[in-house]
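Asks: have a look; sequence and predicted model below, questions after that.
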Amino acid sequence: MSLVTVLIARADPQTPFLVVSVDTRTGDVATVGESTLQRTLPGGALALVLPGSDVQVRRLAIPARTEAQARAAAPYLFEGVVADQIEGMHFAIGAPQNDAGERLVAAISTARLQAWLDACKQLGGDPDAIYVDCTVWPTPAAGVDIIEIEDRCIVAGGALGGYTIEPDLAPALFRQWLAQAGAVTAVRLGVYAPAAWSGVLAGAPAPQALNDALPVHTLARAAADATDATPDLRQGAFARKAEQASGWRLSRVLVAVLLIAFTLQAGALGLAGYRDRKAADDTIALATRDLRAARPDVTRIVNLRAQVSALRNTIDRSGGHPVLSVNEALIATLKAHPQVQLDEVRHMGPGRKVSLRVSATETAALDSLAAALKDRKLVVEARGTQPVEGRYSAELVVDAP
């Protein structure tokens, strides 16, 4: 038999895991029980499924050519979204879903992920793969499954992402998540109180009953045979040692170049490190095009790397990129105003103005955010408030220091 042991995590690393054994050849699943220090884990590969409440998941367009390149870009696309500091987060990406490079990206606190791994090691296990319950659950294309397992509610949208939270809070977040997820063609409900979802599903396809007597087995079976589009948190710094060694040199080059490309708002996500010469030429051509778009004053490009480096040094001396200059104050202010959602950040070149598109259910929350930014010694101009799908949206123009 080809056995995979799946550890399904509960509320925290100190709570015993649910241990499930899966035969990937036959699909047979058996619940072993709860993990204890006295119980030896079954043999075979080991997969860990974390609760989505520990992880933030987004669907992002990252037109990168390699996994390391996409993972290096992910933190900048999460700026202002994650509650913790970007430096303390670990990012994992799934395989591209289409030609636009859309893929799922999962972000988790590095310390939290390490705590989960330490808990596994205490049991004598070292997971080969680590997934998030709301991304690994098997969902039909363009469909959403809403499932309750023990004390959690999983909203799983497959390629669209999802979230996990306590059952009484899940309905309140669904409408906002659905607006961000895009077109959904089917909704299946496997919850204890379907009536709690009747109001928030207005506008979505009529829900169907998800009759799954053993959702834990379904979750374990999916984790034992996950698709490449599902983010595996065993990437980058948390990859197995052999994988880290093989990708270390490439990752180091790509991350360094990414910092330069992001500072210039260049869309090309890497300039070197490819064994395929044609891929390198194509990437340099993209980077050249995007550099011209970002800096039209650069009329002649002779040595792309040298010129990008020089421009970066110039920006550093002038106080940094405008978006980076307001980033710290913006994140701190958003933390203090959780009712406000940051929808877009854009540099209004060639000067140092930054446009912030924000939204909230009440205009007072937007006014409060603007006032808080001014209290941080930033010059803020509010450019109108308008209702958008039951929320109020406003543009704040900030002069970067």
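Replies: Yep, that arrived. Because the structure is a prediction, the values reported are computed rather than measured.
Asks: pull the helix or strand with minimum mean pLDDT from the protein.
Replies: Using mean pLDDT, DSSP states H and E, helix 241-263 stands out as the lowest-scoring helix or strand of the chain, at a mean of 41.
Asks: quick check: residue 325 is in a helix.
Replies: Yes: checked against DSSP: H, G, I helix; E, B strand; the rest coil, residue 325 lies within a helix.
Asks: count the residues that sit near it.
Replies: For residue 325, the neighbour count with other Cβ atoms under 10 Å is 19. Quick note: C-beta positions are derived from backbone N, CA and C, even for glycine.
Asks: equivalent analysis for residue 396, please.
Replies: Residue 396 is flanked by 19 other residues according to other Cβ under 10 Å.
Asks: neighbouring strands - and their directions - for the host helix or strand of it?
Replies: Using DSSP states H and E, residue 396 sits within strand 391-399. Using DSSP bridges, the strands paired with strand 391-399 are strand 353-360 (antiparallel), strand 379-388 (antiparallel).
Asks: mean neighbour count and distance to residue 62 for the ones you listed - can I get that in TSV?
Replies: Below are the strands paired with strand 391-399 laid out as TSV (neighbours: other Cβ atoms under 10 Å; distance: least, Cβ to Cβ, whole Å):
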stretch	mean neighbour count	distance to residue 62
strand 353-360	20	21
strand 379-388	12	26
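Asks: give me the buried positions along the strand holding residue 396.
Replies: Going by neighbour count (16 or more other Cβ atoms under 10 Å), the buried part of strand 391-399 is 391-396, 398.
Asks: could you spell out the sheet neighbours of whichever helix or strand residue 60 is part of, each with its direction?
Replies: Using DSSP H and E, residue 60 falls within strand 55-61. The pairing partners recorded for strand 55-61 under DSSP bridges are strand 102-109 (antiparallel).
Asks: next SSE after the strand it pairs with?
Replies: For strand 102-109, the following helix or strand on the C-terminal side (DSSP H and E) is helix 110-122.
Asks: what is that next one packed up against?
Replies: In terms of contacts (3 or more Cβ pairs under 8 Å, 6 or more residues apart in numbering; DSSP states H and E), helix 110-122 is packed against strand 45-50, strand 89-93.
Asks: what's next to the strand holding residue 396, contact-wise?
Replies: By Cβ atoms under 8 Å, 6 or more residues apart in numbering, the residues outside strand 391-399 that reach it are 326, 330, 341, 343, 348, 352-363, 366, 369-370, 373, 378-387.
Asks: and if you look at stretch 23-41?
Replies: Contact with stretch 23-41 is made by 1-5, 7, 16-22, 42, 122-125, 214, 216-217, 220-221, 224-225, as judged by Cβ under 8 Å, 6+ apart.
Asks: just the buried ones from these?
Replies: 3-5, 7, 16-22, 42, 123, 125, 216-217, 220-221, 224.
Asks: now the helices for the stretch 51-200 of the chain?
Replies: Using DSSP state H, counting those that start in this stretch, the helices of the stretch 51-200 of the chain run over 67-77, 110-122, 133-136, 170-181.
Asks: nearest to residue 96, of the ones you listed?
Replies: helix 67-77 (8.2 Å; Cβ to Cβ).
Asks: quick one on the thing from earlier: neighbouring contacts of the strand holding residue 60?
Replies: Outside strand 55-61, the residues touching it (Cβ under 8 Å, 6+ apart) are 74, 77-78, 81-82, 100-108, 132, 134-135, 159-163, 181, 231.
Asks: would you show me how to pick out the buried ones of the residues you listed in PyMOL?
Replies: To isolate the buried members of the contacts of strand 55-61 in PyMOL, using 16+ other Cβ under 10 Å:
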select buried, resi 74+77+78+82+101+102+103+104+105+106+107+108+132+134+135+159+160+161+162+163+181+231
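Asks: now, the contacts of stretch 23-41 that are in strands?
Replies: 3-5, 7, 18-22 (DSSP state E).
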